[in-house]
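1. after the sequence you'll find the predicted model.
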Amino acid sequence: VSALGRGYYRGKGLGTTGEGASHGARFDSAQPVCYGSMFRPKELGSGGSPSTAAYAGGRIQLNVAGSLTVNGAIDADVPAAAWYNSSGGSILISCGRLAGAVTGSIHADGGNATNGKPGCGGRVAVYQTVATDFGGYAGKITAYGGNNGLAGGSPSRPAGTVYLQPAGMDDYCGTVKIAN
């Protein structure tokens, strides 16, 4: 399932900065704050530079009564661009149990930039309604900030948020992960 580049166009959206874009994290201290809910993400990623950025990450919402097995990818990412790229989108999943192999990935990553200023990570939230832990899923769940080609490919923008809530836990008491 993919919403790659299905978000806001260049220079558009709530987190647009004119250079890069915020969403689940702030692009830099002088730019717009992050936006959208960490617990119920539904916002599109914001477009970066009006002239060089790719389309931002889109939005995915899945409601599965039983098990959801992810051995491939569910993504709301941003295609790579040369400069000032866009932010990752949103993924909201509710399922009885999340399962999948190490090949599985769920991500709303910011756009890489080969020449500088990648986009920030988006937001991902996964709720399980039956399983009380996430031990059945061996894949990755990320909202990484984009990589900067000039910095040797290391993330140079902040990660967005990943929220995981197993069954039996009160709302807003799950695990929050913010990591590049």
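-> Nice, thanks for sending it over. Residues are numbered from 1 along each chain as shown.
2. Trp83 versus Val64, what's the distance?
-> Distance, Val64 to Trp83, using Cβ to Cβ, to the nearest Å: 39 Å. Using the backbone N, CA and C atoms, a C-beta is placed for each residue, glycine as well.
3. between these two, which one's more packed in?
-> For Val64 versus Trp83, the count of surrounding residues by other Cβ atoms under 10 Å is larger for Trp83: 18 against 14.
4. how far away is the closest residue to that one other than its chain neighbours from His23?
-> Spatial nearest neighbour of Trp83, excluding adjacent residues (Cβ to Cβ, 6 or more residues apart in numbering): Thr52 at 4.3 Å. The spacing between Thr52 and His23, counted by Cβ to Cβ, is 18 Å.
5. swap in Lys117?
-> Taking Cβ to Cβ as the measure, Lys117 falls 15 Å from His23.
6. okay, the two: which has more neighbours?
-> When Lys117 and His23 are compared for neighbours, His23 comes out ahead with 40 against 26, by other Cβ under 10 Å.
7. wait, a strand at the more buried one?
-> No: assessed with DSSP: H, G, I helix; E, B strand; the rest coil, His23 is coil; it does not lie in a strand.
8. count of neighbours near the residue nearest to it when sequence neighbours are not counted?
-> Excluding the flanking residues, the one nearest His23 by Cβ to Cβ, 6+ apart is Ser87, at 3.6 Å. A total of 45 residues lie near Ser87 under the criterion other Cβ under 10 Å.
9. pretty sure Ser87 sits against Gly24.
-> Yes: proximity of Ser87 to Gly24 meets the contact threshold set by Cβ atoms under 8 Å, at 7.5 Å.
10. what's the overlap in contacts for those two?
-> With contacts defined as Cβ atoms under 8 Å, 6 or more residues apart in numbering, the residues shared by Ser87 and Gly24 are 120-122, 160.
11. any chance of the residues you listed in JSON lines, with secondary structure too?
-> Below are the shared contacts of Ser87 and Gly24 laid out as JSON lines (three-state DSSP):
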{"residue": "Cys120", "secondary structure": "coil"}
{"residue": "Gly121", "secondary structure": "coil"}
{"residue": "Gly122", "secondary structure": "coil"}
{"residue": "Gly160", "secondary structure": "coil"}
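12. ok, and the most crowded of these?
-> Most surrounded of these: other Cβ under 10 Å gives Gly122, at 45 neighbours.
13. tell me the contacts of the residue positioned nearest the centre of the chain?
-> In the chain, the centroid-proximal residue (Cα atoms, centre = their mean) is Ala108; its distance is 2.2 Å. Ala108 is in contact with 24, 41, 45, 57, 75-77, 88-91, 121-124, 142-143, 160, counting by Cβ under 8 Å, 6+ apart.
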